[in-house]
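>>> Here you go, sequence then predicted model.
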Amino acid sequence: MRTRTSRSAHDIGRLALLLAMLFGTAAAEEGAVGESPWEAPQRVRLDGSPLSAVPGGSYWILPQPGAEVLADRRQEGWLRLPLALGLYAWCPEEHALRLGAGAPEEPRRLGPAVHSRRLENGDLELELPITGVAAPLWREEAGEGGADWRLILEHTVSRLDWIVLDPAAGLQGLDWEPRPGDELELRVALATGRFQGHLLRWEPGRLLLTLRHRPTRLKGARVLLDPGHGGAENGCVGASGTLEKELALSLARELKAELERAGAQVRLTRWSDSTLSLAARVEQARAWPADCLLSLHYNSVPEGQDPRSADGFMVFSWSPWSAGPARALHETLARRLPLFDRGLHWRSLGVCRTFTCPALLLEAGSLVHPEEEALLLEPAFRKRQVRAIRRGLEACFREGDGS
């Protein structure tokens, strides 16, 4: 088996994304084409689809469905959402419901007290009182390995004077800091290895933050399998005409049976040839909630490139909670399958950007490579591949702390 040196590149990737956001935003402001500023800002309600730092850019913020914000400009099908001090998010126009003209409101207030409590399943819940009826807009950041986590609330100020913590539940500390432009940063320090992600749920007047306890074995864990593409989206087309969407669904069904024999609870994001948005896939992980999200795809090459250059498998992740599981899955597949190892990658992919749980994307092989397509369709190899992925997921739960 041939191998290629892989690049973990988590910190490099985060820096690259930050630079793209900063310089990309500036470029958009200087040279925007087809801009249509409104006479007055419009209040819009978001449907939960990802926001970008520039029109057409990579995913940046996953807003709460129903969040209401101001939009001040329309540009070629995108709406500009002012954040703080010249920072903007951009939303595809079809994912925002216009509610009419609006004006900046008084900042929301967080406080006066934050309480924490440990739930029966080992999760830790924090109740954050915040004024307002509609969901606020927030963005999330996490430190390496998930040892600390930050929540940046837009248009919010602190009125906190009392925090009640439960140190035995794995919460090491909570503090806050105002940012310029009426942003509020909450910092949560966590016990390393205790948590695997979190859930944020808005109810009028309060934001509930649930820090999710990390399972340490596959048996009993909730695994959400996401067959890529579907419906109007075929994905790539193999050398002999195999459709990626069909083979991904077939692999997901076979993998589901294998994982259930190992004692896991398994669901699929789609069971048929149906179109499903990225936001809908991520929402299923949040609503269940899943302990691991694995999106299944097959590799291809840009038009005009030699298809024989695209053999092999790849594993992608984004959040710090996903780093350890991604490495465990990658290493297991590299040992157990006779496929070219195209490495472990950090990338801002829509299905990988959830903070609910470790979220991985597997390019399980190349359909456009004629010999590899034939191998991927062989029943004997499919069984071997399914067993290898199951072994990889078992390793994911043992290595889930990202250490």
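Structure received.
>>> pLDDT at the residue lying farthest from the centre of the chain, what is it?
Taking CA atoms, centre = their mean, the residue of the chain most remote from its mean C-alpha position is Glu39, at 35.3 Å. pLDDT, Glu39: 71.
>>> which residues touch stretch 373-390?
For stretch 373-390, contacts defined as CB atoms under 8 Å, 6 or more residues apart in numbering pick out 218, 238-240, 242, 247, 251, 254-255, 258-259, 262, 294, 298, 329, 332-333, 336-337, 362, 364-367. Every C-beta, even on glycine, is put in place using the N, C-alpha and C of the backbone.
>>> same thing but 7 Å
Contact with stretch 373-390 is made by 238-240, 242, 254-255, 258-259, 262, 332-333, 336-337, 364-365, 367, as judged by CB atoms under 7 Å, 6 or more residues apart in numbering.
>>> repeat for stretch 134-154
10, 61, 63-64, 66-69, 83-84, 108, 110, 130, 155-156, 183-190, 192, 195, 202, 319-321, 323, 355, 401-403.
>>> 6 Å instead?
61, 63-64, 66-69, 83, 108, 183-190, 192, 202, 320-321, 355, 402 (CB atoms under 6 Å, 6 or more residues apart in numbering).
>>> Go through those residues and flag which are in helices.
Cross-referencing the contacts of stretch 134-154 against helices under DSSP state H gives Pro320, Trp321.
>>> Please produce a ChimeraX select command covering the buried subset of the contacts of stretch 134-154.
This is how ChimeraX selects the buried members of the contacts of stretch 134-154, with burial counted by 16 or more other CB atoms under 10 Å:
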select :61,63,64,67,68,69,83,108,183,184,185,186,188,190,202,320,321,355,402
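>>> May I ask which helix or strand of the chain has the lowest mean pLDDT?
Taking mean pLDDT, DSSP states H and E as the measure, the helix or strand of the chain with the lowest value is helix 10-31, at a mean of 40.
>>> tell me the phi and psi of the residue nearest to Arg286 when sequence neighbours are not counted?
Once flanking residues are discounted, Arg286 sits nearest to Thr356: 4.7 Å by CB to CB, 6 or more residues apart in numbering. Thr356 adopts backbone torsions of phi -60, psi -40, taken as degrees, to the nearest 10.
>>> what's the spacing between the residue most central in space within the chain and Ser274?
Central residue of the chain (CA atoms, centre = their mean): Arg353, 1.7 Å from the mean position. Counting by CB to CB, to the nearest Å, the gap from Arg353 to Ser274 is 22 Å.
>>> Kindly report the same for Arg118.
Computed as CB to CB, the Arg118 to Ser274 distance reads 39 Å.
>>> from the chain's centre, how far out does the host helix or strand of Arg335 sit?
Following DSSP states H and E, the helix or strand that holds Arg335 is helix 320-336. Offset of helix 320-336 from its chain centre (CA atoms, centre = their mean, to the nearest Å): 17 Å.
>>> Quick check: ChimeraX command selecting the buried ones in the contacts of stretch 373-390.
In ChimeraX, a selection of the buried entries from these looks like this (16+ other CB under 10 Å):
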select :238,239,242,254,255,258,259,262,332,333,336,337,364,365,367
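>>> Can you list which of the contacts of stretch 373-390 are found in helices?
Going by DSSP H, the helices hold Glu254, Leu255, Glu258, Leu259, Thr332, Leu333, Arg336 from the contacts of stretch 373-390.
>>> I am finished for the moment; much appreciated.
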